[in-house]
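Trainee: Could you look at this predicted model? Sequence included:
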Amino acid sequence: MFDRALGSAPILTAAQMRAAEGRAIASGASIASLMERAGTGVAEAVRRFAAGAEVLILCGPGNNGGDGYVAARVLASRGMRVRVAAPGDPRTEAAAEARRGWVGPVEPFPGVLSEDHQHAPVVIDAVFGTGLSRPIDASLANAIKGLASRARLSIAVDLPSGVDTDTGGDFGQDLARFDVTLALGVLKPAHVLQPAAARCGAICAIDIGLESVESAVQTIAVPRIAKPQPASHKYSRGMVAVVSGPMHGASELAALAAYRAGAGYVLLFTGGLPHPPHAIVRRRWSTDALDDQRIGAVVIGPGLGRDDRAREKLATALAGPHPLVIDGDALHLLDLDQLRARAAPTVLTPHAGEFAALFGEGESGKIARAQDAARRSNATVVFKGPDTVVAAPDGSARIALPASAWLSAAGTGDVLAGAIATMLAQKPATPLEAAQAGVWLHAEAARLLGRCFLADELANALPLALEHAR
């Protein structure tokens with residue numbers, strides 16, 4: 001779950017967050033004042049969520065723990081029943097000062113807290129936050145998980161303890177899952193990248209007084225999608241051409257999705273027999289098939305195959321002047337030099353396997369890998385998955401909010417390719433804008449459908465999703 005109001009929110013790495021805090025301190029703030037604001041914000045959120053229940057705050061040795069001590073003091077002053085537990089003394093000056101402000105006892109942790117009678121209905125994890133670069137102690141991880149799993153409500157301060165801020169990784173540990181995560185200041189990659197995002201629960205932002213926070217990496221907002229005007233006609237609404245191959249079903253899905261996403265004309269080059277919907281114009285492929293200058297975008301890859309015939313079709317599409325959406329089989333036939341030479345916009349839509357085949361495995365996080373791939377290919381890259389990343393050659397990136405796990409079904413990627421092609425054919429300001437609009441539309445259609453839907457149903461739900469766009 002994710003607070004939808006956080007759309008188009010900046011995302012900062014651990015280093016960028018430290019720099020933002022440094023700028024705030026240079027402008028007159030102090031670490032202690034930032035901690036006071038963060039802890040107070042946490043306390044106010046917890047007070048609303050806890051509804052009067054006893055709260056157990058786990059405080060770590062760093063500044064995340066300091067935020068916890070401040071929250072404990074503020075909650076107690078508001079009349080809440082509060083307990084504090086810690087694995088040791090604070091190790092930073094600001095955290096130590098916050099600890100001195102807490103006049104109640106500090107219980108040992110882990111240890112006696114593992115006993116059932118020591119559990120609390122509301123558990124707050126303020127042990128480790130942003131900047132962790134190694135696994136945490138296994139006994140500590142298990143203790144946090146045990147307390148969180150038994151609580152009626154579990155809340156993480158900034159990030160669940162144990163996750164990698166910049167990659168969303170978990171260092172191979174089985175970490176706790178929380179009902180709510182209170183993001184301090186801004187979002188971090190771990191709030192939106194898996195597997196960490198799944199451990200965050202609902203995410204709420206806490207203002208800590210950072211000003212003018214900007215980032216090339218942001219979450220995808222609800223898009224502004226063009227609607228037909230009185231003078232609109234089928235070509236002005238966007239003409240999408242889909243190039244098929246031996247697996248006609250995949251290209252049929254892409255063509256259907258292009259229509260359902262708002263295209264005015266969809267042309268499918270296929271050897272299959274005509275069948276509903278008859279609004280899709282079907283023609284046989286020829287070397288001059290894409291010469292029509294009215295074509296606004298071309299989809300190639302779904303069901304294309306990987307034989308010489310497929311290579312010829314891809315070469316024709318790459319050599320042409322039209323914006324391209326390249327998916328599926330075509331991603332395995334690409335040459336990066338061909339992509340870099342293209343002047344027209346190109347959008348690549350690989351899942352993890354296709355991405356690795358084209359760009360290599362890599363050891364950095366998903367955002368950095370997508371940004372590097374976009375730069376190397378001179379194309380907009382939609383790195384699909386449960387945490388889809390859309391990256392442009394200039395380093396800009398947009399991260400999709402967590403989408404329905406029911407999208408993990410055959411054909412849904414073909415639907416995405418068709419939806420992005422329509423957005424691209426409607427001539428947005430940038431291919432990045434088109435790609436993120438298509439990703440949002442795709443996810444919104446899945447949300448509206450609920451469970452156990454077919455890719456065909458996903459395509460047909462796109463008009464309903466369009467109603468929720470701006």
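Mentor: Sure thing, it's come through.
Trainee: residue ranges of the strands in the stretch 251-400 of the chain, please?
Mentor: Remark: strands assigned in the stretch 251-400 of the chain by DSSP state E, counting those that start in this stretch are 265-269, 281-283, 297-300, 324-326, 346-348, 380-383, 389-391, 397-399.
Trainee: closest to residue 71 out of those?
Mentor: Across those, residue 71 has its closest neighbour in strand 397-399 (28.1 Å, Cβ to Cβ). In this view, the C-beta of every residue, glycine as well, is placed from N, C-alpha and C.
Trainee: other SSEs contacting the closest one?
Mentor: On a contact count with 3 or more Cβ pairs under 8 Å, 6 or more residues apart in numbering; DSSP states H and E, strand 397-399 meets strand 217-219, helix 366-377, strand 389-391, helix 431-449.
Trainee: Output the helix or strand following it as CSV - backbone C-alpha positions only.
Mentor: With elements assigned by DSSP states H and E, the helix or strand that comes after strand 397-399 is helix 412-425. Presented in CSV, the C-alpha positions along helix 412-425 are these (Å, rounded to 0.1, in the frame of the first residue of the first chain):
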residue,chain,number,x,y,z
THR,A,412,0.3,-8.2,-19.5
GLY,A,413,3.6,-6.9,-20.9
ASP,A,414,2.1,-6.8,-24.4
VAL,A,415,-0.7,-4.7,-23.0
LEU,A,416,1.8,-2.3,-21.5
ALA,A,417,3.6,-2.0,-24.8
GLY,A,418,0.4,-1.0,-26.6
ALA,A,419,-0.6,1.5,-23.9
ILE,A,420,2.9,3.2,-24.1
ALA,A,421,2.7,3.3,-27.9
THR,A,422,-0.6,5.2,-27.7
MET,A,423,0.9,7.7,-25.2
LEU,A,424,3.9,8.1,-27.6
ALA,A,425,1.7,8.5,-30.7
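Trainee: Check which helices and strands helix 412-425 is in contact with.
Mentor: Here helix 412-425 touches strand 239-243, helix 248-260, strand 297-300, strand 324-326, helix 431-449, helix 455-460, going by 3+ Cβ pairs under 8 Å, 6+ apart.
Trainee: can I get those in a markdown table with mean pLDDT, mean neighbour count and distance to residue 109?
Mentor: Formatted as a markdown table, those follow (pLDDT from 0 to 100; neighbours: other Cβ atoms under 10 Å; distance: least, Cβ to Cβ, whole Å):
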| stretch | mean pLDDT | mean neighbour count | distance to residue 109 |
| --- | --- | --- | --- |
| strand 239-243 | 98 | 29 | 58 |
| helix 248-260 | 96 | 27 | 52 |
| strand 297-300 | 98 | 31 | 55 |
| strand 324-326 | 98 | 31 | 52 |
| helix 431-449 | 97 | 25 | 39 |
| helix 455-460 | 97 | 21 | 47 |
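Trainee: looking at those, which is closest to residue 128?
Mentor: Comparison of the helices and strands packed on helix 412-425 against residue 128 by Cβ to Cβ identifies helix 431-449 as nearest, at 30.6 Å.
Trainee: what angle do the closest one and helix 366-377 make?
Mentor: On the basis of axes from the mean of the first three to the mean of the last three Cα atoms, to 10 degrees, helix 431-449 is oriented at 140 degrees to helix 366-377.
Trainee: So for residue 41, which of the helices and strands packed on helix 412-425 sits nearest?
Mentor: Judging the helices and strands packed on helix 412-425 by Cβ to Cβ, what sits closest to residue 41 is helix 431-449, at 28.8 Å.
Trainee: I figured residue 16 hits residue 215, correct?
Mentor: Yes: with contact defined as Cβ atoms under 8 Å, residue 16 counts as touching residue 215 (6.8 Å).
Trainee: got the domain boundaries for this structure?
Mentor: Listed by automatic domain parsing, the domain ranges of the chain are 4-214, 239-466.
Trainee: related to what we said a few turns ago, now the helices and strands packed on helix 412-425 in a markdown table, with distance to residue 366?
Mentor: As requested, those are exported to a markdown table (distance: least, Cβ to Cβ, whole Å):
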| stretch | distance to residue 366 |
| --- | --- |
| strand 239-243 | 28 |
| helix 248-260 | 25 |
| strand 297-300 | 24 |
| strand 324-326 | 20 |
| helix 431-449 | 14 |
| helix 455-460 | 23 |
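Trainee: hmm, back to that, got the strands of the stretch 251-400 of the chain as a markdown table, with distance to residue 412 columns?
Mentor: Output for the strands of the stretch 251-400 of the chain, formatted as a markdown table (distance: least, Cβ to Cβ, whole Å):
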| stretch | distance to residue 412 |
| --- | --- |
| strand 265-269 | 19 |
| strand 281-283 | 23 |
| strand 297-300 | 15 |
| strand 324-326 | 15 |
| strand 346-348 | 17 |
| strand 380-383 | 13 |
| strand 389-391 | 16 |
| strand 397-399 | 19 |
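Trainee: Which one of the ones you listed lies nearest to residue 199?
Mentor: strand 397-399 (16.6 Å).
Trainee: mind listing what that closest one pairs with, with the direction of each?
Mentor: Strand 397-399 pairs in its sheet with strand 217-219 (parallel), strand 389-391 (antiparallel), by DSSP bridges.
Trainee: Give me whichever of those is most buried.
Mentor: With neighbours taken as mean count of other Cβ atoms under 10 Å, the strands paired with strand 397-399 reach their highest mean count in strand 389-391, at a mean of 29.
Trainee: I'd guessed residue 20 sits against residue 210; true?
Mentor: Yes: contact criterion Cβ under 8 Å: residue 20 and residue 210 qualify, at 5.1 Å.
Trainee: list residues touching both of the two?
Mentor: Common neighbours of residue 20 and residue 210 (criterion: Cβ atoms under 8 Å, 6 or more residues apart in numbering): 185-186.
Trainee: Residues touching the host helix or strand of residue 465, excluding its own?
Mentor: Secondary structure assigned from DSSP H and E places residue 465 in helix 462-466. Applying Cβ under 8 Å, 6+ apart, the contact partners of helix 462-466 are 225, 257, 260-262, 415, 419, 441-442, 444-445, 448.
Trainee: Which pLDDT value belongs to residue 180?
Mentor: The per-residue pLDDT reported for residue 180 equals 98.
Trainee: contacting residues for it?
Mentor: Neighbouring residues of residue 180 by Cβ under 8 Å, 6+ apart: 45, 49, 153-156, 201-204.
Trainee: Show only the entries of those found in strands.
Mentor: Counting by DSSP state E, the members of these that fall within strands are 153-156, 202-204.
Trainee: returning to that earlier point: now the buried members of the contacts of residue 180.
Mentor: Buried members of these, counted by 16 or more other Cβ atoms under 10 Å: 45, 49, 153-156, 201, 203-204.
Trainee: picking that back up, return the set of buried residues in the helix holding residue 465.
Mentor: For helix 462-466, the neighbour count (16+ other Cβ under 10 Å) marks 462, 465-466 as buried.
Trainee: ok, back up a step: can you list the helices and strands packed on strand 397-399 in TSV and add distance to residue 237?
Mentor: As requested, the helices and strands packed on strand 397-399 are exported to TSV (distance: least, Cβ to Cβ, whole Å):
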stretch	distance to residue 237
strand 217-219	28
helix 366-377	28
strand 389-391	23
helix 431-449	14
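Trainee: To residue 138, which of those lies closest?
Mentor: Smallest distance to residue 138 across the helices and strands packed on strand 397-399 (Cβ to Cβ): 26.1 Å, for helix 366-377.
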